[in-house]
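Enquirer: need a structure here:
(2 chains)
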There are 2 protein chains.
Amino acid sequence: MSSSSHLPASTPNDGDRPWLKWPHELPPISEARQTPEFHAFQDEERHRKMHKEIRDRIFAGVSVALSPSPNSAILLAGGTSVDFELYDTDVLKTEFRQEQFFRYIFGVNYPDCYGIIDLDKKETVLFITPGTDESERWEGERRPMDYYSKRFGMDATHPVSELDQVLQSRGIKNLFTLEGTNLDSGNATRTRPNFPGMEKYNEDKTKLYPFLAELRVCKTAEEIRLLRLANLVSSAAHVYVMRHARAGLVELQLESLFKAWCGFFGAARHCAYTCICGSGAHGSILHYGHAERPNERVVQDGDRVVLDMGAEYDGYATDITRSYPINGKFTADQKMVHDAVVDAQQSVIKALKPGVDYRDMHQLAERVILKHLLAAGLLQGGSVDELMSAHMASVFMPHGLGHLLGMAVHDVGGYLPGENRTPTPGLSYLRLGRKLQAGMVLTVEPGIYFNQPTLDKALRNPAQSKYINQDVLKRFLGTGGCRMEDDVLITENGAENMTILPTTVEEIEQVMAEANKIRAAGKA
Amino acid sequence: MSSSSHLPASTPNDGDRPWLKWPHELPPISEARQTPEFHAFQDEERHRKMHKEIRDRIFAGVSVALSPSPNSAILLAGGTSVDFELYDTDVLKTEFRQEQFFRYIFGVNYPDCYGIIDLDKKETVLFITPGTDESERWEGERRPMDYYSKRFGMDATHPVSELDQVLQSRGIKNLFTLEGTNLDSGNATRTRPNFPGMEKYNEDKTKLYPFLAELRVCKTAEEIRLLRLANLVSSAAHVYVMRHARAGLVELQLESLFKAWCGFFGAARHCAYTCICGSGAHGSILHYGHAERPNERVVQDGDRVVLDMGAEYDGYATDITRSYPINGKFTADQKMVHDAVVDAQQSVIKALKPGVDYRDMHQLAERVILKHLLAAGLLQGGSVDELMSAHMASVFMPHGLGHLLGMAVHDVGGYLPGENRTPTPGLSYLRLGRKLQAGMVLTVEPGIYFNQPTLDKALRNPAQSKYINQDVLKRFLGTGGCRMEDDVLITENGAENMTILPTTVEEIEQVMAEANKIRAAGKA
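Expert: Alright, predicted model coming up:
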């Protein structure tokens, strides 16, 4: 690690406005920097330790959760390379990424693996698809089986072809396998084990998923460390984008700058999700940036941008949004919207602690937003309570306040097993509806949007339209939206904001004014 | 478009060593540049024109290739969003990318579409999955059907639910559908049409694939224009990387710099394949950079890097490799290897023209490489002819000379229908084994590698080991490899190299010396 660090300190709360000291540029040719710290942070020893701790938590919880008879093992299939193939071609859609339950337990990001946890012997065994002459030519030299055991802290490693034989030699008769439905996507797990001889074993498909999903809800100390690092990477990348933001760029260029920082300085090859870079009216499209609307608009002076972008660092996700005027100077209307969203966000973060129900936080955010919209005259004719009853907040914030975060950007365990979303408009969008516990990491992401179809629906509904001052609303039509999203850790006594970014109007204007000054000097 | 262009001229052969004028840096904050030209090049009108021309070629060839009875249509299913989902989660592996035959004909990069070509009426109809209230909230406002018809030059657009009904109303009874096997991957096509009522139609699954695959072999003028632009993007990005390359960087940082240039200046959101950034011994791993070896090594002074990276521009692929010492100065041994590879590459490019068989070109490259290795004393004890008979070239170049390039990086049609690879070692690796025609675009990518498992095999084989001077070989063990890869268009009389990059030792050293000078000044 270089002594003259150009990277954010790894203690998130180190100093006031740490972003002011972060690097402005990708290194020009003239700079000879050391290997960036984030690359060095990827430490195999800590990696092994983290997954060992996770397996120890499994051993500690297994008798209650699975009540295994003797001769039982947990068996997981990892992701396959076939699943990543781009149609019939021989290239991949993107580099292979491991199925997250598998990576959680075994820490292995290679395709075509199996893994077992022998519950009698408390041992973990990895099964890999070994190299061939052909794969050696394309993908590199074969590694001995004990390479994998050492690298990932396994008790043993075998070729997948020996799976049945190893289970037999260990006397395994009962297998717990992973079958469940992701609450956010509604999709079932897709990595079904399938090997010759599998029919011999008693298979329990029901108990493992809820056990592991619940285990992933509260993060270990090492997981929290990774999520902090991931947040540092994404935070610094957001500041880099903020400094380069200006009218005339294509939205995709903002995405490119973000990815460049994350990859070059942050050792992050992937984003945790598609970059959402909506400018102007596009800011009101919650998941803008997909293939049909691929961040292709030229940002205009006066536009606000909604930049929802997060790196994935060593398998852990971030999910961060900053919204600001592209020219660095908020108008009065932009400031009103921004202040309302930040007030909602900060009010929630202040209130977070173990025992708090996140559904209450969602409604707290809604109330703060309504209070501001009333004060601004955009809403009228009722108290905050009356507006809450008419579900007016969901007209402007048609999404949930936040969700759990971990290996997945929408992490598992948002509701307790057997519980479901509250059907009330607004709450019905919420992906996290349970009491908070220390060790949870979650997003706090209130927003206000002027989304035409959503507004049209409200204006057609007399129970809602009566509260909207259409004269005032007119000023906001076509201006998109504002979302502010941080990643927060629930601690024993409260919460720690892992995201370190300019947030208030004043903080953002300071960073952008500095950049504009540098730009003006460059032009002169 | 800005008048003071900072981008490569769009005429590839414009001026001597054009790369010397290309931008050194991602724009620093101080620079206020215009919207890059490459973003402006994505022109909807030309896009429509290109796919219309492609469909006109289909209409022109269809009676011979498919001999359709009346009441026939071509029916294609596009790629699905489900296929891009990351396991059970609600994020995608990467942004959706269309199946290439579908995109070729219809030009549409949206998921969950169908398309038909009515062969009687000579009309093209698109079927899309229309928006819902829910998708409007996440993905943006619904668009009217005629938006799609106008955007993509279709005769009509309908919701997919009306597919059967539209076929009926047009009197279609016979469907030509796409079923075939990709020669490079050995994988079958995966976008099988499946809609209620499909059983009513006579289906021909055999004739369409060979017809369309053969059509894709020779590019239209507009496709060639896109491939030229794609090559400009990737070429300039390679120069950007070359200028920033230095010991101490992680291989992944070279990948990041490449992607940053392609995305920011080049409007390229995707690479055409996983970036291969092998340093030192890793340079001998042909497809290094995959999930198990994810470009994670710190490059050491004295190492050579093999950088095989190509952007995808508007659906068209590039495939370009440059190899050079990270410190910018070739040693005598590095120069010998480099000169041999460049001589092989340039000898082939000079010989390219319609009628030439690419198998002969592969063997020409092998002969040039053997000549150089003999002269260097690494090989001995036989003539080039004898070494060819002993397949010595494939010990050092265990891959084919090149392949067709187009929408896919390994494009379809590398062998004539019914023909297969020649089993001779070396030739057996070749993905392109046919006579060249004007309009083909192909890669020329000879290489020399010191790959330990491959060398071990040769040293164990007396028929090969007798030609290897092991004393000389020792100097090269662990030094990885060298590959030089350009994308070349076959013209009426010869060939046009679309890739515009420093190639010779002298050209590369010039660019890197200039960068090293700037770096030294920055340090002082």
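Enquirer: which parts of the stretch 251-400 of chain A sit against chain B?
Expert: With the criterion set to Cβ under 8 Å from any Cβ of the partner chain, the stretch 251-400 of chain A comes near chain B through A:252-253, A:255-257, A:259-260, A:263-264, A:267, A:269, A:272-274, A:282, A:285-296, A:298, A:398-399. C-betas here are computed from N, CA, C, even on glycine.
Enquirer: may I have the phi/psi pair for the closest residue to A:Leu215 other than its chain neighbours?
Expert: Leaving aside its chain neighbours, A:Leu215 sits nearest to A:Arg57 (6.0 Å; criterion: Cβ to Cβ, 6 or more residues apart in numbering or on different chains). In terms of degrees, to the nearest 10, the main-chain angles of A:Arg57 are phi -70, psi -40.
Enquirer: would you mind measuring from A:Arg57 to chain B?
Expert: When distance is defined by Cβ to the nearest Cβ, to the nearest Å, A:Arg57 is 22 Å away from chain B.
Enquirer: for A:Leu226, same thing?
Expert: Remark: distance between A:Leu226 and chain B (Cβ to the nearest Cβ) = 16 Å.
Enquirer: now for A:Ala351, how many residues are close by?
Expert: 14 (other Cβ atoms under 10 Å in any protein chain shown).
Enquirer: wait, doesn't it sit right on A:Tyr358?
Expert: No - under the criterion of Cβ atoms under 8 Å, A:Ala351 lies out of contact with A:Tyr358, with a separation of 10.5 Å.
Enquirer: got the residues of the stretch 401-524 of chain A near chain B?
Expert: The stretch 401-524 of chain A comes close to chain B at residues A:408-410, A:451-454, A:515, A:518-519, A:521-523, as judged by Cβ under 8 Å from any Cβ.
Enquirer: which strands or helices does the helix or strand bottoming out on mean pLDDT in chain A pack on?
Expert: Taking mean pLDDT, DSSP states H and E as the measure, the helices and strands of chain A show their lowest mean at helix A:37-40, namely a mean of 74. Contacts defined by 3 or more Cβ pairs under 8 Å, 6 or more residues apart in numbering or on different chains; DSSP states H and E place helix A:37-40 against helix A:221-244.
Enquirer: any weak-confidence spans in the stretch 1-150 of chain A?
Expert: Residue ranges of the stretch 1-150 of chain A with pLDDT under 70: A:1-15, A:32-36, A:41.
Enquirer: swap in 50 and give it another go.
Expert: Per-residue confidence for the stretch 1-150 of chain A (pLDDT under 50) gives these ranges: A:1-13.
Enquirer: which residues touch the closest residue to chain B within it?
Expert: With Cβ to the nearest Cβ as the measure, A:Ser30 is the residue of the stretch 1-150 of chain A nearest to chain B, at 2.8 Å. Contacts for A:Ser30 (Cβ atoms under 8 Å, 6 or more residues apart in numbering or on different chains) come out as B:Ile518, B:Arg519, B:Ala521, B:Gly522, B:Lys523.
Enquirer: from those residues, which is closest to chain A?
Expert: Within these, the smallest distance to chain A is 2.8 Å, found for B:Gly522 (Cβ to the nearest Cβ).
Enquirer: wait, that closest one touches A:Pro28, no?
Expert: Yes - counting by Cβ under 8 Å, B:Gly522 does reach A:Pro28; the two are 7.4 Å apart.
Enquirer: report the central residue of chain A.
Expert: For chain A, the residue nearest the mean C-alpha position is A:Val409 (2.8 Å; Cα atoms, centre = their mean).
Enquirer: still on that earlier bit, the residue nearest to A:Leu215 and A:Lys205, how far apart?
Expert: Distance of A:Arg57 to A:Lys205, given as Cβ to Cβ, to the nearest Å: 22 Å.
Enquirer: before we move on, what about A:Lys219?
Expert: As defined by Cβ to Cβ, A:Lys219 lies at a distance of 26 Å from A:Lys205.
Enquirer: more neighbours: those two, which one.
Expert: More neighbours sit around A:Lys219 than around the other of A:Lys219 and A:Lys205, counting by other Cβ under 10 Å; the figures are 24 against 14.
Enquirer: in a helix, that's where the more buried one is, yeah?
Expert: No - under DSSP: H, G, I helix; E, B strand; the rest coil, A:Lys219 falls outside any helix and is assigned coil.
Enquirer: who's in contact with the residue nearest to it when sequence neighbours are not counted?
Expert: By the measure of Cβ to Cβ, 6+ apart, the closest residue to A:Lys219 outside its immediate chain neighbours is A:Gly439, 5.1 Å from it. Applying Cβ under 8 Å, 6+ apart, one finds that A:Gly439 lies in contact with A:Val217, A:Cys218, A:Lys219, A:Thr220, A:Ile224, A:Leu489, A:Ile490.
Enquirer: ok, for the second one, nearest residue in space, not its chain neighbours?
Expert: If you skip the residues right next to it in sequence, A:Cys218 has A:Gly439 as its closest partner in space, 3.4 Å away by Cβ to Cβ, 6+ apart.
Enquirer: ranges for the strands of the stretch 401-524 of chain A?
Expert: Remark: strands assigned in the stretch 401-524 of chain A by DSSP state E, counting those that start in this stretch are A:441-444, A:447-449, A:481-483, A:486-490, A:495-497.
Enquirer: let me have the ones you listed in JSON lines, adding distance to B:Pro417 as columns.
Expert: As requested, the strands of the stretch 401-524 of chain A are exported to JSON lines (distance: least, Cβ to Cβ, whole Å):
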{"stretch": "strand A:441-444", "distance to B:Pro417": "54"}
{"stretch": "strand A:447-449", "distance to B:Pro417": "54"}
{"stretch": "strand A:481-483", "distance to B:Pro417": "53"}
{"stretch": "strand A:486-490", "distance to B:Pro417": "55"}
{"stretch": "strand A:495-497", "distance to B:Pro417": "62"}
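Enquirer: dump those strands to CSV, plus mean pLDDT and mean neighbour count.
Expert: Conversion of those to CSV gives the following (pLDDT from 0 to 100; neighbours: other Cβ atoms under 10 Å in any protein chain shown):
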stretch, mean pLDDT, mean neighbour count
strand A:441-444, 98, 26
strand A:447-449, 98, 27
strand A:481-483, 98, 26
strand A:486-490, 98, 24
strand A:495-497, 97, 20
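Enquirer: returning to what we had before: make a PyMOL selection of the buried ones in the residues of the stretch 251-400 of chain A next to chain B.
Expert: To isolate the buried ones among those in PyMOL, judged by 16 or more other Cβ atoms under 10 Å in any protein chain shown, type:
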select buried, chain A and resi 252+253+255+256+257+259+260+263+264+267+269+272+273+274+282+285+286+287+288+289+290+291+292+293+294+295+298+398+399
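Enquirer: which of the residues of the stretch 251-400 of chain A next to chain B fall in helices?
Expert: Secondary structure assignment (DSSP state H) places A:Leu252, A:Gln253, A:Glu255, A:Ser256, A:Leu257, A:Lys259, A:Ala260, A:Gly263, A:Phe264 from these within helices.
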